[in-house]
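Peer 1: Sharing a sequence plus its predicted fold:
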Amino acid sequence: MTDLGTSPDEVQFRFRDDEPADHGTVTVDACCDQTNATAVRIEPGDDARVLLPFLDRLALVEVNFPSFGDGRGYSAARILREAGYDGELRAVGDVLIDQLSHMRRCGFDAFAPDKPLDEGDARRALEGFGNVYQSAADARKTIQELRHE
Amino acid sequence: MYQYDQYDQAMVDARVEEFRDQAQRRLDGKLTEDQFKPLRLMNGLYLQLHAYMLRVAIPYGTLNSRQMTALGDIADKYDRGYGHFTTRQNLQYNWIKLEDAADILADLSKVEMHAIQTSGNCIRNISSDHFAGAAHDELIDPRPYAELLRQWSSFHPEFTYLPRKFKIAVIAAETDRAAMRLHDIGIQIVKNDAGEIGASFYVGGGMGRTPMIAPQIREFVPLDQLVTYAEACLRVYNRYGRRDNKYKARIKILVHEMGAEEYTRQVEEEFAHLLEQGVEPPLAELERIKPFFADPAFEDGPKSVDRSDPDFALWVDRNTVRHKHDSYVSAVISLKPVGGIPGDATGDQMRLMAKLAKQYSFDELRVMHTQNIVLPHVKIADLHALWTELEAADLGAPNLDTIEDIIACPGLDYCALANARSIPLAQRISENFAKNGRTEELGQLKLKISGCINACGHHHAGHIGILGVDKKGTENYQLSLGGSEAEDVSLAKITGPGFDEDGVIKAVETVTDVYLEAREDGERFLDTYRRIGMTPFKEALYD
Ligand code: HEM
Ligand code: SF4
């Protein structure tokens, strides 16, 4: 098993009540080959859909953002949630304040930024937008749904 | 016209506060310029050659007099008394101070405006037909669909860090007045054989260094699946669009490299999946939006004008366009006075246009991608009064779609990426043709100038296109012929070696001479070029 060296204590924000998985993650390729892996890390070029057959055994999926400008991880996250994955979905890497709310909407429920974020700024960013225009991986009602209740 | 409800207003207000916070964090050193840049870009703030530039979104190019007045006031208060209407149906201020940016956004939000997603690698402001709701040839007003997509694309959580910027146009007539197939996604609202309304999707068009015409990938998407289909198109792009090279990152390159068929197959697969996810807004939302765009109360009246003043008659002939109601026309206010800067308007002119819109056009104005302003619904009976006021304000140039109606990007006068100046060239060419009196004789002739390969001035789509290139450190211009952004869309071809500034002005005259010599009955420049081909033009230019 390839341990990529992440450990749960780097997680700065977590929006789950269960115990964090405390084992290292493997690459997507390794995850497909090994039947016992329970934690995996997705890189931007990986196809999240190859993980779909293994979702039952996964407790942690890390999605790496080597650079905040590479937005492929947002699609990866939604694809996993749309497929019913309900384990921890952790954004790691170049995760910044201004991406937090979008990431939450795409289904991320844990954040392990390379550089720790200012807690107050992060809270404000997550609370900033009261409503949303489009349905995503969170259960929020959209503005259009609210208008036509 | 669409009006915000409390939800729309709250979204924009929240964004102003967010930007204030971001700007503050930048000033406090919590954000590096690298980290701040995409955030300011997401709010339309660019750094240009001499100052910050702020780009204001004008959704589908429609605005009311209150908004136009506010734009004029901002020009006076925070800029140098003018603004620049762009080929994206937006407005740019060229001389903005970073310290003022949040205050400008706050002023804009008071009139339901913003600068959200007018730059950055996200879904940009959605463009549309500038005669929407007025055109005699449209199937239906396309703007409710554009508004639906505006909401969907605003703050989209998945598509804010796309490989590259993303532009969508929506039209609903066979006549294409929005360069629909030169957009990342072009949507034409159509009726199918069963008489139902739906959307044709064209994906992968664009200009820039690799111009491409979007192929149709779906003939008919039912209206209650429109957003879902767009979402599928974007998701395939977000996942597979190239990110290794920003010059190859637009969706046109993906569609081209993957092949339209394979791209379509993947979109259809994603679409089938997303249909299960229920991402489509309720159809009731479209029904809520539609009445905002209902026809105003048109009244019958005179159907012709008194032509005894020849200047007025000329303006009516050139700058007014047939309306769906026969007592009305759409009147085009030219922002191309001879020798002027294409698309520029002063604060005073903006306030005057606002006043005239209120008085004569049911409080509505449109921005055209050709950098002019439309009063969409003017009573024929009011035309003379309208024209008299326009003339007095230097807004009465009778040159719609003529060689004086030049599209030009900001070029080297403002833009950090430019190779050459565009504006002075446009000024000299319009002066030249005004002087030699050929404008009228040449008829419809679309001349478009870009200061570099990025093609912000649509030169690929010009009947005559001019591109500024850098040749050993001096400004040089390439000439191209035969482009069109309309329903007969085509990409212009380069004539041959480039010219210096004087040379290219002469060259434009030369190609118009060839046309006048060769044209047959009723042919436009473009038609003649298509019939006789490049050779006669080349011979005249280079032999
Ligand atoms: C002065 C600052 C500006 C900068 C730095 C800038 C930058 C760019 C760049 C880099 C591209 C090429 C994108 C690509 O091919 O991927 C582009 C395309 C374009 N820009 Fe600009 N631009 C500026 C101003 C404008 C203005 C003033 C307009 C409207 C008049 C405009 C409208 C467009 C259009 C229509 C395109 C080509 C269509 C397409 O996206 O393929 N830009 N711009
Ligand atoms: S075409 Fe080039 S010079 Fe002109 S505005 Fe665009 S980037 Fe600047």
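Peer 2: Looks like it arrived, so ask away. Ligands and ions are numbered 1, 2, ... in the order given.
Peer 1: Now do B:Val255 against B:Cys415, distance only.
Peer 2: Distance, B:Val255 to B:Cys415, by C-beta to C-beta, to the nearest Å: 28 Å. C-beta: built from backbone N, CA, C; applies to glycine.
Peer 1: And these two? Which one has more around it.
Peer 2: B:Val255 (28 against 22; other C-beta atoms under 10 Å in any protein chain shown).
Peer 1: was I right about the more buried one contacting B:Tyr202?
Peer 2: No: contact criterion C-beta atoms under 8 Å: B:Val255 and B:Tyr202 do not qualify, at 10.1 Å.
Peer 1: what touches both of the two?
Peer 2: B:214-215 (C-beta atoms under 8 Å, 6 or more residues apart in numbering or on different chains).
Peer 1: State the number of residues packed around residue 104.
Peer 2: Unless you meant another one, I'm taking chain A. 22.
Peer 1: Switch to chain B, please.
Peer 2: By other C-beta under 10 Å, neighbour count at B:Ile104 equals 22.
Peer 1: Now do the strand or helix carrying it: everything it contacts.
Peer 2: Per DSSP states H and E, B:Ile104 falls inside helix B:98-109. The set of residues external to helix B:98-109 that reach it, using C-beta under 8 Å, 6+ apart, is B:9, B:12-13, B:15-16, B:19-20, B:23, B:40, B:43, B:45, B:52, B:54, B:56, B:70, B:73-74, B:77-78, B:93, B:96, B:114-115.
Peer 1: average pLDDT for that helix?
Peer 2: In this model, helix B:98-109 carries a mean pLDDT of 91.
Peer 1: so who does the residue in chain B that chain A sits nearest to touch?
Peer 2: The nearest approach of chain B to chain A comes at B:Tyr161, 2.8 Å away (C-beta to the nearest C-beta). Contact analysis of B:Tyr161 by C-beta under 8 Å, 6+ apart lists A:68-71, A:74, A:99, B:38, B:121-122.
Peer 1: mind pulling up the phi and psi values for B:Ile464?
Peer 2: phi -120, psi 130 (degrees, to the nearest 10).
Peer 1: Please give me every residue in contact with it.
Peer 2: B:Ile464 neighbours (C-beta under 8 Å, 6+ apart): B:403, B:445-448, B:479-481, B:492, B:508, B:511, B:525.
Peer 1: if we can go back for a sec, give me the distance between the residue of chain B closest to chain A and B:Lys448.
Peer 2: 31 Å.
Peer 1: nearest residue to the closest residue to ligand 1 within chain A other than its sequence neighbours?
Peer 2: At 14.8 Å from ligand 1, A:Gly69 is the closest residue in chain A, using C-beta to the nearest ligand atom. Spatial nearest neighbour of A:Gly69, excluding adjacent residues (C-beta to C-beta, 6 or more residues apart in numbering or on different chains): B:Tyr161 at 5.5 Å.
Peer 1: and if you look at B:Ala23?
Peer 2: Using C-beta to C-beta, 6+ apart, the nearest residue to B:Ala23 is B:Ala102, at 5.7 Å.
Peer 1: In a strand, B:Glu391, correct?
Peer 2: No: B:Glu391: not assigned to a strand; according to DSSP: H, G, I helix; E, B strand; the rest coil it is helix.
Peer 1: residue contacts, it?
Peer 2: B:Asp311.
Peer 1: Can you mark which positions in whichever strand or helix holds A:Asp121 are buried?
Peer 2: A:Asp121 belongs to helix A:119-127 when assigned by DSSP H and E. Neighbour counts over helix A:119-127 (16 or more other C-beta atoms under 10 Å in any protein chain shown) mark A:121-122, A:125 as buried.
Peer 1: Specify which member of these is nearest to B:Leu516.
Peer 2: A:Ala125 (62.0 Å; C-beta to C-beta).
Peer 1: ok, that closest one to A:Ala112 distance?
Peer 2: On the measure of C-beta to C-beta, A:Ala125 and A:Ala112 end up 16 Å apart.
Peer 1: Phi, psi for the nearest residue to B:Leu442 once chain neighbours are set aside please.
Peer 2: Leaving aside its chain neighbours, B:Leu442 sits nearest to B:Ile403 (5.4 Å; criterion: C-beta to C-beta, 6+ apart). The phi and psi values for B:Ile403, taken as degrees, to the nearest 10, are phi -70, psi -10.
Peer 1: lowest-confidence helix or strand of chain B?
Peer 2: helix B:33-42 (a mean of 82; mean pLDDT, DSSP states H and E).
Peer 1: ok now that helix, how far from the chain's centre?
Peer 2: 24 Å (C-alpha atoms, centre = their mean, to the nearest Å).
Peer 1: Please identify the buried residues of it?
Peer 2: Per 16+ other C-beta under 10 Å, helix B:33-42 contains these buried residues: B:35-42.
Peer 1: Stretch B:480-499 too?
Peer 2: Those would be B:480-486, B:489-492, B:495, B:498-499, for stretch B:480-499 by 16+ other C-beta under 10 Å.
Peer 1: so how far is it off the chain centroid?
Peer 2: For stretch B:480-499, the distance to the chain centre is 18 Å (C-alpha atoms, centre = their mean).
Peer 1: Next, see if it gets close to ligand 1.
Peer 2: No: Stretch B:480-499 does not reach ligand 1 (C-beta under 6 Å from any ligand atom); its nearest approach is 9.9 Å.
Peer 1: List, one by one, the residues from chain A near chain B.
Peer 2: By the rule C-beta under 8 Å from any C-beta of the partner chain, the part of chain A lying against chain B is A:44, A:47, A:68-72, A:74-75, A:78, A:82, A:96-99, A:101-103, A:105-106, A:118, A:121, A:124-125, A:128-136, A:142-148.
Peer 1: Select from these every entry located in helices.
Peer 2: Per DSSP state H, helices hold the following members of the residues of chain A next to chain B: A:72, A:74-75, A:78, A:82, A:101-103, A:105, A:121, A:124-125, A:143-147.
Peer 1: Give me the buried entries from those residues.
Peer 2: Buried among these (16+ other C-beta under 10 Å): A:72, A:74-75, A:78, A:82, A:101-103, A:105, A:121, A:125, A:143-144.
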